[in-house]
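Q: give the three-dimensional model of this entry:
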Amino acid sequence: MSANVNDKNNTVLVYSVPRTGSTLIWQCLNNIYAKVLKSHKDEIWDYSSGFKMRIEKPKITLDYSCPCIISERDNVDTFLSWYKFKNNLSLELFKEECAQDNFLDIAEKTILHFQKYLKDLKEVKLYYKGPLLVLQYEKFWNNYDYIFCEFEKFLKITLSTEIKNTIRNTTNRKANMLVQNQMKSTYEHDQKTHIHGNHISFATPNYSEKILNQKALTKLKEILYSEEKL
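A: Next comes the predicted model:
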């Protein structure tokens, strides 16, 4: 199937734990399909009608069977990015908190909340009724060729050079930063790009190793990867 124009007969779902690059994947797909849903845990957002529609229901993703693309990222990197956003911290204050010897105690409630996202991700992988593709953030964060290749194989489409160039030009970090810089607060949101204030922070993989001390890093890895062992 050629994907030189939006395919109005198909729906694609992007599912993820927050802060895993899912907005970039959603933006890319939004240049290909007319209806691209985006979901975290018990919520789904639909922008296809021209305005934001939000549906909330426990395990709502498991009601769908359209092709689902999951973005996944190192759990510790993901958690720290989410912690900074969730608590609306400046970069300076965020680094100060991470440097505290009792950071894991400070972040305990946020860790427990975050673990619920990891649990739901595991359930979606196990029980989703439609085809699934998992894209690893560490492979796609600065590699559009990887994204395009995986899209074409999974969705059985062919992307034109024109669409590829459009995606590169409109979804790159610089373009998204221009949108973000116009936001007046963390909670202001651009419906066209799905970018909100304070959206973009740490792009480089393994940045958690530079922010946390070794003891905290080891313990946090143990906590956040324990769900996968169950």
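
Q: packing partners for the longest strand seen in the chain?
A: For the chain, the strand with the greatest residue count under DSSP state E is strand 7-16. Contact partners of strand 7-16 among helices and strands, from 3 or more CB pairs under 8 Å, 6 or more residues apart in numbering; DSSP states H and E: helix 22-30, strand 33-40, strand 68-72, helix 108-127. C-beta here means a position set from N, CA and C on the backbone, and glycine is covered the same way.

Q: among these, which comes closest to K184?
A: helix 22-30 (19.2 Å; CB to CB).

Q: tally of neighbours for D46?
A: Residues near D46, counting by other CB atoms under 10 Å, number 17.

Q: distance-wise, check it relative to C28.
A: Distance, D46 to C28, by CB to CB, to the nearest Å: 17 Å.

Q: compile the helices and strands packed on strand 7-16 into JSON lines and extend it with columns for mean neighbour count.
A: Shown next, in JSON lines, are these (neighbours: other CB atoms under 10 Å):
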{"stretch": "helix 22-30", "mean neighbour count": "24"}
{"stretch": "strand 33-40", "mean neighbour count": "21"}
{"stretch": "strand 68-72", "mean neighbour count": "23"}
{"stretch": "helix 108-127", "mean neighbour count": "15"}
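
Q: and the contacts of stretch 204-216?
A: 73-74, 76-77, 80, 95, 98-99, 101, 103-104, 137-138, 141, 217, 220 (CB atoms under 8 Å, 6 or more residues apart in numbering).

Q: could you tell me the end-to-end distance of that stretch?
A: 20 Å (CA to CA, to the nearest Å).

Q: quick one: mean pLDDT over it.
A: On average, the pLDDT along stretch 204-216 is 93.

Q: for that stretch, which residues meet the burial criterion?
A: Going by neighbour count (16 or more other CB atoms under 10 Å), the buried part of stretch 204-216 is P205, Y207, S208, I211, L212, A216.
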